[in-house]
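Enquirer: Predicted model and sequence below, questions to follow.
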Amino acid sequence: MFQYYLREAGIALSWVGTGRLIFSLNYTAADFAEVAERIVGAARAMRQDQWWWAEPATTNKSLRRRVLKEILQARSPWLSGSSISSPRSR
């Protein structure tokens with residue numbers, strides 16, 4: 001989805017493959033600053049549209065624990081006996 005927001009901000013990425021952000025080596029500092037401003041603007045628009053919703057009670061500590069739990073479950077599915085579910089589906 002981020003590619004759509006970038007396109008709206010005037011940055012057209014390749015629609016084939018991963019759409020990596022590869023810059024020409026002949027960008028001036030002003031050119032790069034403009035691109036960076038557009039990327040940040042696209043991210044802010046995406047956040048404003050609530051694509052990056054997070055539960056208000058989420059903390060860095062709870063995120064780290066969740067990621068650790070998911071890593072352990074992915075490496076050893078027998079630890080939990082259940083699959084990993086989305087926080088939104090609870």
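Expert: Received, thanks.
Enquirer: in the chain, what spans have low per-residue confidence?
Expert: For the chain, applying pLDDT under 70 flags the ranges 15-21, 77-90.
Enquirer: swap the cut-off to 50 and go again
Expert: 89 (pLDDT under 50).
Enquirer: residue boundaries of the helices in it?
Expert: 2-8, 29-48, 60-75 (DSSP state H).
Enquirer: Of those, which stretch is the most buried?
Expert: helix 2-8 (a mean of 15; mean count of other CB atoms under 10 Å). All C-beta atoms are positioned from the backbone trio N, CA, C, and that covers glycine.
Enquirer: So what touches that one?
Expert: Here helix 2-8 makes contact (CB atoms under 8 Å, 6 or more residues apart in numbering) with 12, 13, 15, 19, 38, 39, 42, 43, 45, 46.
Enquirer: before we move on, the earlier item: now the helices of the chain as CSV including distance to residue 23?
Expert: Formatted as CSV, these follow (distance: least, CB to CB, whole Å):
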stretch, distance to residue 23
helix 2-8, 13
helix 29-48, 7
helix 60-75, 30
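Enquirer: List just the one of these that sits closest to residue 54.
Expert: With CB to CB as the criterion, residue 54 lies closest to helix 60-75 of the helices of the chain, at 8.7 Å.
Enquirer: Counting by contacts, list what the closest one packs against.
Expert: Judged by 3 or more CB pairs under 8 Å, 6 or more residues apart in numbering; DSSP states H and E, helix 60-75 is in contact with no other helix or strand.
Enquirer: How far away from the center of its chain is that helix?
Expert: Centroid separation for helix 60-75 versus its chain: 17 Å, with CA atoms, centre = their mean, to the nearest Å.
Enquirer: for stretch 53-61, same thing?
Expert: Centre-to-centre, stretch 53-61 and its host chain are 15 Å apart (CA atoms, centre = their mean).
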